[in-house]
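1. Sequence first, then the predicted structure:
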Amino acid sequence: MKKYLLNAPKPDLITLDSLMAEMILDKALLLFRKEQIEQNIDRALRDGDKNEFLRLTGELKAMN
């Protein structure tokens, strides 16, 4: 016999909430990684490391 709860969340809402949470987390991780790359680009410029600068700018371009 099935039990019915009045305030039970609907499966579609649970799926939507999970998807939204995943999207927010993905966006936060992407922004964090971009900030790390930008800091490393600044360091490569300061240190005059052309190869590292080119590698990092290529990675940043690929993210956009």
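-> Nice, I can see it.
2. For the protein, which segments count as helices?
-> 11-47, 50-63 (DSSP state H).
3. could you dump those to CSV with mean pLDDT and mean neighbour count?
-> All C-beta atoms are positioned from the backbone trio N, CA, C, and that covers glycine. CSV is the format used below for the helices of the chain (pLDDT from 0 to 100; neighbours: other C-beta atoms under 10 Å):
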stretch, mean pLDDT, mean neighbour count
helix 11-47, 93, 11
helix 50-63, 97, 13
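4. Next, Asp49: phi, psi?
-> phi -90, psi 90 (degrees, to the nearest 10).
5. And the pLDDT for it?
-> pLDDT for Asp49: 98.
6. and it, what does it touch?
-> Arg43 (C-beta atoms under 8 Å, 6 or more residues apart in numbering).
7. Next, find the distance separating it from Ile24.
-> 34 Å (C-beta to C-beta, to the nearest Å).
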